[in-house]
Each structure stands twice: as structure tokens, then as C-alpha cells.
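Engineer: whatever this is, show me its structure:
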Amino acid sequence: MSKRVVVALGGNAILQRGQKGTEQDQRTSVASTVAQIVKMIDAGYEVVLTHGNGPQVGAILIQQEAGKDKVPAMPMDVCGAESQGFIGYLFVQEFKKALIAHGIAKEPLCLVTQVEVSSEDPAFANPTKPVGPFYDEATAKARMESSGESWVEDSGRGWRRVVPSPKPINIVERQAIQELADRGYVVVASGGGGIPVVKEADGSYRGVEAVIDKDLAGELLAQQVKADLFMILTDVPKVALNYGKPEEKWLGKVDLDEMKGYQAEGHFKAGSMGPKVAAAMAFVENGGSRAIIASLDQALEALEGTEGTQIVK
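Structural biologist: Numbering: from 1, shown residues only. I've put the predicted structure just below:
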């Protein structure tokens, strides 16, 4: 049987540094990314793909703000769904082109995905995730007074809204994703960490104003669709100890307990590699055979164990 891998893409897979974020910019980046992923499919792997959406949601929020006097602004969960739809559309189109070119008889499909969080999650009492554009202090304070939103000054660059970042506890569409993957579809799902929802007493769901960490959501997706491997693709070749320092050391194959030790020593920062390492370790700890962190341009080599950081039990 072919191995199933959940591939979690970093932001560079959709929007490169220096690009303006036009449709063509993003389509070009997606096409380059798809070229790497199709190599995996051609090698016999089943792929379920998930991706970030930070710049895209940021742009949507700017559009919402600019147009609020003409059309009603939408809440964050709806903006997240919008970003999943258009990013998924780009991936599905580019996958179809690449699969035809490689003679692979598979169909790509995007599934707009809800991810359940707990209404009791402590993150709701302590919003920390910056979203949207920067504003001056007066505008931020007026928004706080009028709407109850949380805003913070961000490193001298201006004021930004902050929202909760609760822990993902369930992929609502997990059964559908697994069944589609079982039937041979190339599934794009849970983009941007998924649309955050809480479960009501009657079993239905409602969206909440929050952002879920995409790497943690990707790890949960990998668990729940019974993936053999979990791979995080980013813009560096491996995880490093003492990154950027003279004693920098790149990590290849690493035992889970050894990786926990490095984490405890503070090598992996919260704003960069920290969430990726935490998600990769969680997958292995929860029964996955191997988790991989690697660069996008070495995806197949990393999947086959010759590149990237390989975390094993």
C-alpha cells in the first residue's frame, strides 16, 4: 500500500518575499510548489495538503476595512473561509495541469474545512495573535472602545488587532477528507489552520473570531486522517541548533527524546521554528512513524529520508 503523507506548507509556498500578492504572483508560486508535490505523487505517495493563509487573510481584512462604508464587513471566520476557497482554487487548477502533464490519473479537490476549538480554551481570555493592517493609536483605541476588540502596539510599527489562538481539538470534516484520500483524490484541506468553530449543545457549530496555528492543525489533520508521515515544508533545509550563530548545527535524523531536550534548552523560538518543531514532535508522540521538516525544493528527497530533519521515536 502507498504511504499517506500530510504536507503542511509555509507561506513561501504561496507568496514569495518581495511579491506584491497579485493573483499572478500567487498562482506562479503555487505552480512551483505543486511541481514539487507532484513528484511525491508520481513516486507513489498519497498526499493530503494543507497550507498557511496569513498574508491572504491580512489582505482580505484590509479589503474589508476599505470597503466597510459600501458593503458589510465580514467576521474573521468568514474571511478565513474566503481565503481557503481562493487558495484552494489555485492549488486545484495547478495540480490538474501538473497531473495531466505527468500522466497521473488523479483528481485534485479543495475542501473548505472547519476546525473545532474549545470555548473554554484559555486563549480566549488572552488574545495574542496579530491580524490585519497597522493603525495609529487613536484609531486602535477608538476600535477597542466601540467594538471590544483587543489591540496592541507592535514593535514601533503601529497598532494591530490581536485575536485568540486556541488549540485545535477536532477536524470537523476529517471523515470526508479521509474517505476522499482513500478514493485517490489529492485533497487540499484545513487551510490556514482551518476555520475556528465551537460546538453547540445540539451538535452544530458556530464560527469564532480566532486564528488556529496552522502547524498544530496540520498535525491534528495528519493524526485524524491516519497519515503515515507528517511533513512541514518551509524555506530552510533543516532545523538548526543555535540558528544564525557561529556554532550553528543542522539536524538530520533525530530521536524524539533528543528533540525534546533541544526544545527544553530553548533552541526553537515561538515566532519561527518553535510551532513547527512542536507539531512534528506531537505527531511522532501520538503514534506517527516519522515527521519531517524540510525545504520546499527538497520535498521528495526529504520524504525519502535523504534531506531535511527527520524526527523518529
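
Engineer: drop to CA atoms for contacts and neighbour counts, all remaining ones
Structural biologist: Will do.

Engineer: after the helix or strand bottoming out on mean pLDDT in the chain, next one along is what?
Structural biologist: Per-element confidence for the chain was summarised using mean pLDDT, DSSP states H and E. The lowest value among helices and strands belongs to strand 129-135, with a mean of 84. If you walk from strand 129-135 toward the C-terminus, the next helix or strand you reach (DSSP states H and E) is helix 137-147.

Engineer: any low-confidence regions in the stretch 101-250 of the chain?
Structural biologist: Scanning the stretch 101-250 of the chain with the threshold set as pLDDT under 70 gives no residue ranges.

Engineer: any chance you could map the strands in it?
Structural biologist: Per DSSP state E, counting those that start in this stretch, the stretch 101-250 of the chain has strands spanning 108-111, 114-116, 129-135, 150-153, 159-163, 170-171, 186-189, 195-199, 205-207, 229-234, 240-241, 249-250. These are given in chain order.

Engineer: from the middle of its chain, how far away would the first one be?
Structural biologist: When distances are taken as C-alpha atoms, centre = their mean, to the nearest Å, strand 108-111 is centred 16 Å away from the chain's centroid.

Engineer: ok, what's across the strand from the residue lying closest to residue 128 once chain neighbours are set aside?
Structural biologist: Excluding the flanking residues, the one nearest residue 128 by C-alpha to C-alpha, 6 or more residues apart in numbering is residue 162, at 5.4 Å. The residues listed as beta-bridge partners of residue 162 by DSSP bridges are residue 130, residue 150.

Engineer: tally of neighbours for residue 162?
Structural biologist: For residue 162, the count of nearby residues is 21 (other C-alpha atoms under 10 Å).

Engineer: next: residue 164.
Structural biologist: The burial metric for residue 164, expressed as a neighbour count using other C-alpha under 10 Å, is 21.

Engineer: quick one: it from residue 124, how far?
Structural biologist: The span separating residue 164 from residue 124 equals 5 Å under the rule C-alpha to C-alpha, to the nearest Å.

Engineer: before we move on, what about residue 100?
Structural biologist: The spacing between residue 100 and residue 124, counted by C-alpha to C-alpha, is 46 Å.

Engineer: more neighbours, those two?
Structural biologist: In this view residue 100 and residue 124 are compared by other C-alpha under 10 Å, and residue 124 has more residues nearby, 17 against 12.

Engineer: hmm, that one is touching residue 162, no?
Structural biologist: No. Under the criterion of C-alpha atoms under 8 Å, residue 124 lies out of contact with residue 162, with a separation of 10.8 Å.

Engineer: for residue 2, give me its contacts.
Structural biologist: 44, 45, 46 (C-alpha atoms under 8 Å, 6 or more residues apart in numbering).

Engineer: what is the nearest of those to residue 56?
Structural biologist: Within the set of these, residue 46 lies nearest residue 56; the separation is 27.1 Å, counting by C-alpha to C-alpha.

Engineer: who is that closest one paired with across the strands?
Structural biologist: When bridges are taken as DSSP bridges, the partners of residue 46 come out as residue 4.

Engineer: tally of neighbours for the spatially closest residue to residue 227 that is not a sequence neighbour?
Structural biologist: Counting by C-alpha to C-alpha, 6+ apart, the nearest residue to residue 227 once its immediate chain neighbours are dropped is residue 4, at 4.9 Å. A count of nearby residues for residue 4, using other C-alpha under 10 Å, gives 21.

Engineer: how about the helices of the stretch 1-150 of the chain, start to end?
Structural biologist: Listed in chain order, the helices of the stretch 1-150 of the chain (DSSP state H, counting those that start in this stretch) span residues 23-42, 54-67, 76-101, 137-147.
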